[in-house]
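S.K.: From the sequence below, what's the structure:
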Amino acid sequence: MSDVRIGIIGGGLMGRELVGVCGRWDLLIDHPVRPRVVAVADPAPGARGWFERVPSVTTLTDDWRALVESDDIDVLYIAVPHDLHEEIYTAAARAGRDYLAEKPFGIDLAAAERIVAAIDASDAFVRVSSEFPFYPGAQRAYAYAASGALGDILDVRSGFWHSSDLNRAKPINWKRRSATCGAIGVMGDLGLHVAHLPLRLGWQPSSVYGRLDDVVTERPGPDGSAVPCDTWDNALLVCDTHPRSGGRDFTMLWETRRIAPGHSNTWYIDAVGMDGGVQFSTRQPTLLRRFRVAGGEQAWEETQPGNVSSWPVVSGAIFEFGFGDALLQMWASYLAERVGALGDRFGTATPAEALESHRVFAAALRSWQTQAPARP
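M.R.: Next comes the predicted model:
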């Protein structure tokens, strides 16, 4: 088992979660590498200070360039606001640094295109964070859809609903400003989570009608006074979709909501065809529903996918799977693929998939502006 030294650029919540992932690594069975966080870069002293408790961290700095240029780091995890993506991602690619990046992979489509061009011109191994498809139920749903069991597909629904912005008194932050989050708003914040499985299955939107909603137009600023909140809170994308493997076109809905009353953090995939269907939601993570037509009868069946992960773990299959487990599986996938040991397991989101999702989100924004469908 080889050691992988990770440097974190952006010491916020997800950087801290990575420390937890590394601490639970022994749960994995026969993984080829062992990661440890050795360096953190963040301009905020408070963010850096949290990592002082982590024994493996030997470097704390306010300069992300120090990590990009360091030969004492094998992999970077870059988790910064969207307006910083292009500068840091392209610099890391040009330096030949392997990294796992946060979505949406650039503040807009043009930035995403430049980032991917820099990666393609380098030998860096780069993937994009999207953990929800690593739930066992999501993996089973993916496999069922990929098998062709659905037949001619009729419609697909993929969504991510949470209520992080339900409280109107919540202070504004960078995700609620278009200058730092991007004009696509919630689609950039949550959209790759919704796009990952459909794009991996070859369900490519050919035209998009976007319905965007800016629900809370101002929020408290640092001094408590109201300041503009100018990003989209919710987005519904109605996509005409062409399957790359052939067959009839169908309708696909992508839904991203920061304001979804009744939902704390719900990710779901729902696909139905003439011969079968599949439904999975993190709201009921122990339940997978499959539809089939047998003997002229239509039947939905329910099964419990259990804790049967993409990468095997010591935990028994009867135990429940959670968000931390999904992060562990995503990192296991990324680091295994990096050393050529992923095999036929499900892979982390690719730069190409992130770029394709950007094309869809840009089309949705144009559609909303013109009140007409737009092509990605």
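S.K.: What segments of the stretch 151-300 of the chain are helices?
M.R.: Secondary structure of the stretch 151-300 of the chain by DSSP state H, counting those that start in this stretch: the helices cover 178-181, 186-200.
S.K.: among these, which is the most enclosed?
M.R.: Stretch with highest mean neighbour count among those: helix 186-200 (a mean of 26; mean count of other Cβ atoms under 10 Å). In this view, the C-beta of every residue, glycine as well, is placed from N, C-alpha and C.
S.K.: That helix: how far from the chain's middle?
M.R.: 6 Å (Cα atoms, centre = their mean, to the nearest Å).
S.K.: just the CA coordinates of it, formatted as PDB?
M.R.: Output of helix 186-200 as PDB, limited to C-alpha atoms (Å, rounded to 0.1, in the frame of the first residue of the first chain):
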ATOM      1  CA  VAL A 186     -27.800  27.200  -7.800                       C
ATOM      2  CA  MET A 187     -27.000  25.200 -11.000                       C
ATOM      3  CA  GLY A 188     -23.300  25.800 -10.400                       C
ATOM      4  CA  ASP A 189     -23.600  25.100  -6.700                       C
ATOM      5  CA  LEU A 190     -25.600  21.800  -7.000                       C
ATOM      6  CA  GLY A 191     -25.900  21.000 -10.600                       C
ATOM      7  CA  LEU A 192     -23.100  18.500 -11.200                       C
ATOM      8  CA  HIS A 193     -24.600  16.300  -8.500                       C
ATOM      9  CA  VAL A 194     -27.800  16.100 -10.700                       C
ATOM     10  CA  ALA A 195     -25.900  15.800 -14.000                       C
ATOM     11  CA  HIS A 196     -23.300  13.200 -13.000                       C
ATOM     12  CA  LEU A 197     -25.400   9.900 -13.400                       C
ATOM     13  CA  PRO A 198     -27.400  11.000 -16.500                       C
ATOM     14  CA  LEU A 199     -24.300  12.100 -18.400                       C
ATOM     15  CA  ARG A 200     -22.400   8.900 -17.400                       C
END
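S.K.: average pLDDT for it?
M.R.: The average pLDDT within helix 186-200 is 96.
S.K.: tell me what that helix is packed against?
M.R.: helix 136-146, strand 153-162, strand 234-243, strand 250-257, strand 265-273, helix 351-370 (3 or more Cβ pairs under 8 Å, 6 or more residues apart in numbering; DSSP states H and E).
S.K.: sorry, back to before: take the helices of the stretch 151-300 of the chain and write them to a markdown table, including distance to V215.
M.R.: Listed next are the helices of the stretch 151-300 of the chain as a markdown table, based on distance: least, Cβ to Cβ, whole Å:
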| stretch | distance to V215 |
| --- | --- |
| helix 178-181 | 15 |
| helix 186-200 | 10 |
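S.K.: and G210, which of those helices is closest to it?
M.R.: Closest of the helices of the stretch 151-300 of the chain to G210 is helix 186-200, at 8.4 Å (criterion: Cβ to Cβ).
S.K.: Report the angle between that closest one and strand 234-243.
M.R.: Inter-element angle recorded for helix 186-200 and strand 234-243: 20 degrees (by axes from the mean of the first three to the mean of the last three Cα atoms, to 10 degrees).
S.K.: what angle separates helix 186-200 from strand 250-257?
M.R.: Going by the same axes, to 10 degrees, helix 186-200 makes 140 degrees with strand 250-257.
S.K.: tell me the domain boundaries of the chain?
M.R.: 2-128, 132-321+350-370 (automatic domain parsing).
S.K.: and of these, who's closest to G343?
M.R.: It's domain 132-321+350-370; of these, that one is closest to G343 (Cβ to Cβ) at 9.9 Å.
S.K.: and the closest one, how far out from the chain's middle?
M.R.: 10 Å.
S.K.: With stretch 51-64 instead?
M.R.: Worked out by Cα atoms, centre = their mean, stretch 51-64 lies 25 Å from the chain centre.
S.K.: Next, the buried residues of it.
M.R.: By 16 or more other Cβ atoms under 10 Å, the buried positions in stretch 51-64 come out as F51, V54, V57, L60, T61, W64.
S.K.: could I get the helices and strands packed on helix 186-200 as TSV with mean pLDDT?
M.R.: Formatted as TSV, those follow (pLDDT from 0 to 100):
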stretch	mean pLDDT
helix 136-146	96
strand 153-162	96
strand 234-243	96
strand 250-257	97
strand 265-273	96
helix 351-370	98
